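> Fold the stuff below for me.
(chains A and B)
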Amino acid sequence: EADIYQTPRYLVIGTGKKITLECSQTMGHDKMYWYQQDPGMELHLIHYSYGVNSTEKGDLSSESTVSRIRTEHFPLTLESARPSHTSQYLCASSGAGARTEAFFGQGTRLTVV
Amino acid sequence: GDSVTQMEGPVTLSEEAFLTINCTYTATGYPSLFWYVQYPGEGLQLLLKATKADDKGSNKGFEATYRKETTSFHLEKGSVQVSDSAVYFCALRRPGGGADGLTFGKGTHLIIQP
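Purely as a prediction, here's the structure:
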């Protein structure tokens, strides 16, 4: 069983609020990822990190930001939430090998009203 | 660039039917191939994987064989159950690929009716 955790699982918040989605893993993985999943189920990579102090933007442009101050922690922040940010957010991590699988957290379902 | 194409859903089957979900890929070199499953309200879980040509991944009655000559990794199960209802993602990873080489298909929603 993968040891990667996301909190909260569900969040309903008003427009304009600042939010942080938490993601932590206990596997010592250097690589971490944030995906946004649309209602059609397709995954869109929005951020990734190769290790501490490394952050990169993914394929889908996002107004969110991320930080990687510790290996185990990769939080995602939205400074001012909007209804268009309503989505499922999935965090993942993977080990050092170039062919290894990614492990996913259970996701955060964000609803902005 | 790399890409993964899988059959569009929803795929609806009766319990105990035979399942095939097609997956083909485009990538240079020799990627590793994966099938993930996502149950409602959950994240993705690795179902099976194969790291080189002709490898067969298997788990929980599901199987997929890495076919280099047809660039395919089709998922099969001989007798599905209602509990197999979920969304299934085919994925690849290769050294040197963009975003660390992880590429996912769009997902196939499987519905099993009793």
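> what's the pLDDT at the residue nearest to residue B:29 when sequence neighbours are not counted?
Spatial nearest neighbour of residue B:29, chain neighbours left out: residue B:94 (5.4 Å); criterion: CB to CB, 6 or more residues apart in numbering or on different chains. C-betas here are computed from N, CA, C, even on glycine. Note for residue B:94: predicted pLDDT of 80.
> Would you confirm that residue B:94 contacts residue B:34?
No: counting by CB atoms under 8 Å, residue B:94 sits too far from residue B:34 to count as a contact (11.7 Å).
> how about the residues of chain B that lie near chain A?
Residues of chain B lying close to chain A by CB under 8 Å from any CB of the partner chain are B:31-32, B:34, B:36, B:38, B:41-46, B:49, B:51, B:87, B:89, B:93-96, B:98-102, B:104, B:106-107, B:109.
> which ones among those are found in strands?
Residues of the residues of chain B next to chain A located in strands (DSSP state E): B:32, B:34, B:36, B:38, B:44-46, B:49, B:87, B:89, B:93, B:102, B:104, B:109.
> of those residues, closest to residue A:45?
Taking CB to CB as the measure, residue A:45 lies nearest residue B:102 of those, at 7.6 Å.
> OK, contacts around the closest one?
Neighbour list for residue B:102: A:33, A:45, A:94, A:102, B:91, B:92, B:93 [criterion: CB atoms under 8 Å, 6 or more residues apart in numbering or on different chains].
> Helices - which of these land there?
If you go by DSSP state H, the contacts of residue B:102 have nothing in helices.
> Most widely separated two among these?
Among the contacts of residue B:102, A:33 and B:92 lie farthest apart (CB to CB), at 14.9 Å.
> count of residues packed around the spatially closest residue to residue A:40 that is not a sequence neighbour?
Nearest non-adjacent residue to residue A:40, counting by CB to CB, 6+ apart: residue B:106, 7.4 Å away. Counted with other CB atoms under 10 Å in any protein chain shown, the neighbours of residue B:106 add up to 18.
> do the same with residue A:106
18.
> Quick check: pLDDT value at it.
Confidence at residue A:106, expressed as pLDDT, is 95.
> Who are the contact partners of residue 93?
Unless you meant another one, I'm taking chain A. By CB under 8 Å, 6+ apart, residue A:93 lies in contact with A:4, A:25, A:27, A:29, A:31, A:32, A:33, A:74, A:102, A:103.
> if you could check chain B rather than the one you did, that'd help
A:98, A:99, A:100, A:101, A:102, B:31, B:32, B:34, B:100, B:101, B:102, B:103.
> Which strand residues bridge it?
residue B:32, residue B:102 (DSSP bridges).
> Quick check: closest non-adjacent residue to residue 59.
With no chain named, the answer covers chain A. Leaving aside its chain neighbours, residue A:59 sits nearest to residue A:45 (5.0 Å; criterion: CB to CB, 6+ apart).
> The chain in question should be chain B.
Counting by CB to CB, 6+ apart, the residue nearest residue B:59 is residue B:48, at 4.5 Å.
> Determine the number of other residues adjacent to that neighbour.
Using other CB under 10 Å, residue B:48 has 20 neighbouring residues.
> pretty sure it contacts residue B:63?
Yes: with contacts counted by CB under 8 Å, residue B:48 reaches residue B:63, the gap being 7.4 Å.
> pLDDT score assigned to residue A:62?
85.
> correction: residue B:59
The predicted local confidence for residue B:59 is 97.
> Run through chain B and note the low-pLDDT ranges.
In the predicted model of chain B, residues B:96-101 satisfy pLDDT under 70.
> redo that, cut-off 80
B:95-101 (pLDDT under 80).
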